[in-house]
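1. fold the following, please.
(2 chains)
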Amino acid sequence: MSRILLTTTIPYVNARPHLGFALELVQADVLARHHRLLGDEVRFQTGTDDNSLKNVRAAEAEGIAVRDLVDRNAAEFARLAGPLSLSCDDFIRTSADPRHRSGVERFWRACSADLYRRHYEGLYCVGCEQFYPSDEQCPEHDAPLQRVSEENWFFRLSRYRDELYGLIDSGRIRVEPAERRNEILAFIAAGLSDFSVSRSQARARGWGIPVPGDPGQVIYVWWDALGNYLTALDYAKGEHGHWWSGADRRIHVLGKGVLRFHAVYWPAMLLSAGEVPPTDILVHDYLTVDGRKISKSALSGVGGGQGAPGVLSAVGGASAEVCPGASGSLDVSGRSGGGLAGTDLSAVDPIGLVEAYGVDAVRWWLLREVPRVGDVDFTARRLIARHDGELADGLGNLVNRVVSMVHRYRDGIVPEARETALDEVRGQARGLVIEALEAFDFRAATAAVYAVAEEANRYVNRVEPWRLAREGSPRLDAVLGTLVATCRELADLLAPFLPDASVRIAGQCRGERLADPVPLFPHHRPRGPAPARASSVLSSHPSPVTAGRAGG
RNA sequence: GGGGCGGUAGCUCAGCCGGUUAGAGCAGGGGACUCAUAAUCCCUGGGUCGCGGGUUCGAGUCCCGCCCGCCCUACCA
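-> Below is the predicted model:
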């Protein structure tokens, strides 16, 4: 039994949550549930990064107070837990949680040996909130840049280069997949320079956590945000030992866009503060929706007609576009803020998807079809194909036919007898799931579970229980007993991945006498001779083909 | 500009340190069965493995160059 801390990144709350972040939450949730079932002591935490300047800008755009915008949107993120069936133990908000500010201040002081002031001067665009190297116009705003000269705090990252390299190279900090590990090693090898960890109150617009002892400066949002991993553990009170240094594993789940912060900056900060680094950094790639990046414009207007801006940018890393306007996004319309008329906005809203297709379908797609490396395109069509093909026709139908046969041939009474036919697959599945999840491979894990259902379906066809019943064969008891036991095991195997479905399957297979069979996963595909009706089912998630251009 | 990663059957993807006729799922085609959510099961895939060179007895699998996509980073002002 191990003690395991699992975290997701905490997203900016300048917009509502989208499917990309749901991916990260679900991945972390699966790992949390998996380890709890293995008997490990698990803490799974998430939260929101309220202190980003992005939030300030979003509030200004909407004409409301930052506090209000942040509170409203953070609630949207917190609300994901229910619809997505997340088993979070904690949710920390960097602007509102009393543990955070005091924790960040303490953490800052703990790093004081590596913090120093340095003069900085550059050309700054107020609109972009960033410095530009040239003395020309701001490329985004066509406005003149301002010469800003100020002193900021810097963190002595450079001195940790060799140590960081060694930690990652040796696997003491495991970066998964290996492609990301190589990437970050190359980055470190190229040299690390000290980075700025504060900005003036003016540039921060007075939003954020002031530097302890230097109220004219605000702590850099990344320093602040990364700190959540510790502050949520009551670092401020010095009570983080149980879940940080005391944990066997400290696992961060994040998107590829924020790898550097988690594999370089954060471990260095921890070392500086005298804390142990994380043990696992699990990196996922991004989602696109109907072939488009999940971006600012794609979400415009989703927020209750307020023209809610925004990319869910993010510490979240799960977002497709991390730094709008500055990252060279290919999203042409991002500049004007005009929404993409043709983009299926609702498809990026995880709650909307759950309402339309159910949490099992959404989780199954995220786990089953997102590869370890490489972006994937989400479409309602693909989600439906997975759901109907595997959950409904494969798994659901298996349970349904088994329960039906038990009723038809044995009055619902589950026979005691067993055969060994399915023992091998069932045994294999357990091991494969553990192996796959250890490798951060959700597709392989779900494939191993699904393989049990497939094998069970083959077993039914091979054995032909209906024939045994006709012939009055005594073998029928053992066959039915085996199948019910297998369905029960499927419920167990599925628990970390599809907790809701797991409960429903277990409900169908519980007890000496089974309940009447009920379809567990109603189809979502358009069916029957009434295409009009079918299309209404899909209206909120039109196919990419029809949706893509329709409104444009 | 630099660094990293991708580009494999219509679609989505597996292919570890190079080695017999390049695989899976889905879709498509054919068949079987009837317990079941018109579900299931069986058979059926011959694709320049992005392009061009090279190394090797032998290369999706290694090296070089190029093209395309994505990520990070920089932008010799």
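2. ok, residue A:75 - how many residues close by?
-> Here the number of neighbours of residue A:75 (other CB atoms under 10 Å) works out to 12. For the C-beta atoms, the positions are set from N, CA and C on the backbone; glycine is no exception.
3. next one: the one 5 residues further on
-> Using other CB under 10 Å as the criterion, residue A:80 is surrounded by 22 other residues.
4. likewise residue A:148?
-> Using other CB under 10 Å, residue A:148 has 17 other residues around it.
5. can you map out the helices along the stretch 401-550 of chain A?
-> Using DSSP state H, counting those that start in this stretch, the helices of the stretch 401-550 of chain A run over A:423-438, A:442-463, A:465-471, A:475-494, A:499-509, A:531-537, A:544-550.
6. buried deepest among the ones you listed, which one?
-> When you average the neighbours per residue for each of the helices of the stretch 401-550 of chain A (mean count of other CB atoms under 10 Å), helix A:475-494 leads with a mean of 22.
7. quick one: residues contacting the closest residue in space to residue A:478 that isn't next to it in sequence.
-> Of all residues beyond its chain neighbours, the one nearest residue A:478 is residue A:417 (3.8 Å), with distances taken as CB to CB, 6 or more residues apart in numbering. Contacts of residue A:417 were listed using CB atoms under 8 Å, 6 or more residues apart in numbering, and they are A:477, A:478, A:481.
8. would JSON lines of the helices of the stretch 401-550 of chain A with distance to residue A:271 and mean pLDDT be doable?
-> Below are the helices of the stretch 401-550 of chain A laid out as JSON lines (distance: least, CB to CB, whole Å; pLDDT from 0 to 100):
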{"stretch": "helix A:423-438", "distance to residue A:271": "26", "mean pLDDT": "90"}
{"stretch": "helix A:442-463", "distance to residue A:271": "31", "mean pLDDT": "93"}
{"stretch": "helix A:465-471", "distance to residue A:271": "62", "mean pLDDT": "95"}
{"stretch": "helix A:475-494", "distance to residue A:271": "40", "mean pLDDT": "96"}
{"stretch": "helix A:499-509", "distance to residue A:271": "37", "mean pLDDT": "96"}
{"stretch": "helix A:531-537", "distance to residue A:271": "54", "mean pLDDT": "30"}
{"stretch": "helix A:544-550", "distance to residue A:271": "47", "mean pLDDT": "28"}
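9. can I get these in JSON lines including distance to RNA strand B?
-> JSON lines is the format used below for those (distance: least, CB to the nearest atom of the strand, whole Å):
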{"stretch": "helix A:423-438", "distance to RNA strand B": "11"}
{"stretch": "helix A:442-463", "distance to RNA strand B": "3"}
{"stretch": "helix A:465-471", "distance to RNA strand B": "4"}
{"stretch": "helix A:475-494", "distance to RNA strand B": "9"}
{"stretch": "helix A:499-509", "distance to RNA strand B": "9"}
{"stretch": "helix A:531-537", "distance to RNA strand B": "13"}
{"stretch": "helix A:544-550", "distance to RNA strand B": "11"}
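10. turn those into a markdown table, including distance to residue A:29.
-> Compiled in a markdown table, those are given as follows (distance: least, CB to CB, whole Å):
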| stretch | distance to residue A:29 |
| --- | --- |
| helix A:423-438 | 12 |
| helix A:442-463 | 11 |
| helix A:465-471 | 37 |
| helix A:475-494 | 14 |
| helix A:499-509 | 9 |
| helix A:531-537 | 28 |
| helix A:544-550 | 28 |
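11. how many neighbours does whichever residue of the stretch 251-400 of chain A sits closest to RNA strand B have?
-> For the stretch 251-400 of chain A, the nearest residue to RNA strand B under the criterion CB to the nearest atom of the strand is residue A:396, separated by 1.9 Å. Counted with other CB under 10 Å, the burial measure for residue A:396 works out to 25 neighbours.
12. for it, grab phi and psi.
-> As for residue A:396, its main-chain torsions (degrees, to the nearest 10) stand at phi -60, psi -40.
13. how about the contacts made by it?
-> Contact partners of residue A:396, counting by CB under 8 Å, 6+ apart, are A:519, A:520, A:521.
14. any idea how far the last one is from residue A:480?
-> Same thing as residue A:521. Remark: distance between residue A:521 and residue A:480 (CB to CB, to the nearest Å) = 22 Å.
15. using PDB, list the CA coordinates for stretch A:428-448.
-> Taking only C-alpha atoms (Å, rounded to 0.1, in the frame of the first residue of the first chain), the coordinates of stretch A:428-448 have been written out as PDB:
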ATOM      1  CA  GLN A 428      -5.000 -11.000 -17.800                       C
ATOM      2  CA  ALA A 429      -7.200  -7.900 -17.700                       C
ATOM      3  CA  ARG A 430      -6.300  -7.200 -14.100                       C
ATOM      4  CA  GLY A 431      -2.600  -7.200 -14.800                       C
ATOM      5  CA  LEU A 432      -2.900  -5.400 -18.100                       C
ATOM      6  CA  VAL A 433      -4.800  -2.600 -16.500                       C
ATOM      7  CA  ILE A 434      -2.200  -2.100 -13.800                       C
ATOM      8  CA  GLU A 435       0.500  -2.200 -16.300                       C
ATOM      9  CA  ALA A 436      -1.200   0.200 -18.700                       C
ATOM     10  CA  LEU A 437      -2.100   2.700 -16.100                       C
ATOM     11  CA  GLU A 438       1.400   2.600 -14.800                       C
ATOM     12  CA  ALA A 439       2.500   3.600 -18.300                       C
ATOM     13  CA  PHE A 440      -0.100   6.300 -18.400                       C
ATOM     14  CA  ASP A 441      -1.800   4.500 -21.300                       C
ATOM     15  CA  PHE A 442      -5.500   4.800 -20.900                       C
ATOM     16  CA  ARG A 443      -6.200   3.300 -24.300                       C
ATOM     17  CA  ALA A 444      -4.400   0.100 -23.500                       C
ATOM     18  CA  ALA A 445      -6.100  -0.100 -20.100                       C
ATOM     19  CA  THR A 446      -9.600   0.300 -21.400                       C
ATOM     20  CA  ALA A 447      -8.800  -2.100 -24.200                       C
ATOM     21  CA  ALA A 448      -7.800  -4.700 -21.700                       C
END
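16. fine by me, thanks again.
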